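In: okay, structure incoming, though there's no sequence with it:
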């Protein structure tokens, strides 16, 4: 039998490549009757750079979301004037300590510095994966580095975080980087959320970035007011576009201020790797990610891969670090049918910090695969 292993990263623990190799090696070592193929999964978040070929890997010194100096990786092809940026690599939540997670302060400015540098290098076409950010500033930090000034009372310049986002009263384009006239941005979003509202950036994603639940309503109103100011100036409102809420409103910033198109991260990945054809050729799919919950069904790659597998009547095994059953109970009847079986890899109750340790996670993955394939062998006689 043939199996495709295509599992997203277990955020903060194992990369997509590491998860895939652990599973594949375990199957090959212990269950030799299976033919295993592996694909790296990245739908715009961590590991996005690993999808691409024919690019040179480069480094740049910028600042992270907490405005601390850091070196980040990106990809560049000067011949085609293209660059690939992974937002998680530049202003990602994975780079911050718990004390640094504060959306009132965290900024997208470091991303703007990198884009500005690449514009000076002659880059005109950007592919940007939006997942995994630590910010909720609607992109004002990034845009400020590109010459767009956000102004408050008494000509106060507003650039960083929610604390300054709420002060903005007007927008000044007079210093906008002229090289942006030739620049085109393909934005890859791992979610389809709008900018604000109960399904928007603040309510769905900001808690993991350090925002307290009691502040959700106030911050969401700040984001909505900013969107209305921008829309009034532009004569067009992008706040309800799918993906505008990605990366704390970076999707909205790109669509509103730069020449951009937005694509589903899972769709982009599936097309780029031609995964649909590979799914047709296997008997079942092993997919998954760190947490299986309602967000998994909002455009994330593992569920989109499962949808394709279901279309071809393939069986789907979903692996996760944790499974939030109370959220899955509220899925539609159709969505509930997508995953055939799901397994948490946790073998015992452990503190999160220990469970996410690479050695512990590897052991748990191997033992879970062992149990799953024993059942398969029992079933198949």
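Out: Thanks, I have the structure now. Owing to the predicted nature of the structure, the values given are computational and were not obtained by experimental measurement.
In: and stretch 10-27, what's buried?
Out: 10-11, 13-24, 26-27 (16 or more other CB atoms under 10 Å). Where C-beta positions appear, they are placed from N, C-alpha and C, glycine not excepted.
In: farthest-apart pair in those, please.
Out: Greatest spacing in the buried residues of stretch 10-27, by CB to CB: 11 and 27 (23.6 Å).
In: can you give me the strands for the protein?
Out: 2-7, 35-38, 56-63, 69-77, 82-86, 125-129, 149-151, 170-172, 184-189, 260-264, 284-292, 315-323, 341-344 (DSSP state E).
In: now the second one: average pLDDT?
Out: Taken as a whole, strand 35-38 has a mean pLDDT of 95.
In: tell me what it is packed against?
Out: strand 2-7, helix 16-30 (3 or more CB pairs under 8 Å, 6 or more residues apart in numbering; DSSP states H and E).
In: what does the longest one contact?
Out: Just to be clear, that refers to helix 16-30. Helix 16-30 has contacts (CB atoms under 8 Å, 6 or more residues apart in numbering) with 3, 5-10, 14, 34, 36, 38-42, 47, 50, 286, 288, 319, 358, 362, 365-366, 369-370, 373.
In: so can I have JSON lines of the strands of the chain showing mean neighbour count?
Out: Converted to JSON lines, the strands of the chain look like this (neighbours: other CB atoms under 10 Å):
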{"stretch": "strand 2-7", "mean neighbour count": "24"}
{"stretch": "strand 35-38", "mean neighbour count": "17"}
{"stretch": "strand 56-63", "mean neighbour count": "15"}
{"stretch": "strand 69-77", "mean neighbour count": "17"}
{"stretch": "strand 82-86", "mean neighbour count": "25"}
{"stretch": "strand 125-129", "mean neighbour count": "24"}
{"stretch": "strand 149-151", "mean neighbour count": "19"}
{"stretch": "strand 170-172", "mean neighbour count": "14"}
{"stretch": "strand 184-189", "mean neighbour count": "23"}
{"stretch": "strand 260-264", "mean neighbour count": "18"}
{"stretch": "strand 284-292", "mean neighbour count": "24"}
{"stretch": "strand 315-323", "mean neighbour count": "22"}
{"stretch": "strand 341-344", "mean neighbour count": "15"}
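In: now for these, which one comes closest to residue 212?
Out: Nearest of these (CB to CB): strand 284-292, 20.5 Å.
In: could you find the closest non-adjacent residue to residue 48?
Out: Once flanking residues are discounted, residue 48 sits nearest to residue 129: 3.4 Å by CB to CB, 6 or more residues apart in numbering.
In: the one you found contacts residue 265, correct?
Out: Yes. The pair residue 129 / residue 265 is scored as a contact, 6.7 Å apart, by CB atoms under 8 Å.
In: name the residues contacting each of these two.
Out: 42-45, 48, 188, 190.
In: tabulate these in a markdown table, adding columns for pLDDT.
Out: Listed next are the shared contacts of residue 129 and residue 265 as a markdown table, based on pLDDT from 0 to 100:
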| residue | pLDDT |
| --- | --- |
| 42 | 84 |
| 43 | 79 |
| 44 | 81 |
| 45 | 79 |
| 48 | 89 |
| 188 | 94 |
| 190 | 74 |
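In: got CSV for the residues you listed, with distance to residue 202 too?
Out: Formatted as CSV, the shared contacts of residue 129 and residue 265 follow (distance: CB to CB, whole Å):
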residue, distance to residue 202
42, 25
43, 21
44, 19
45, 19
48, 23
188, 22
190, 17
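In: next up, the contacts around residue 345.
Out: Counted by CB under 8 Å, 6+ apart, residue 345 has contacts 319-321, 361, 364-365, 367-368.
In: list just the nearest of the shared contacts of residue 129 and residue 265 to residue 302.
Out: Closest to residue 302, out of all of the shared contacts of residue 129 and residue 265 and judged by CB to CB, is residue 43, at 8.6 Å.
In: okay, now the closest one: neighbour count?
Out: A count of nearby residues for residue 43, using other CB atoms under 10 Å, gives 31.
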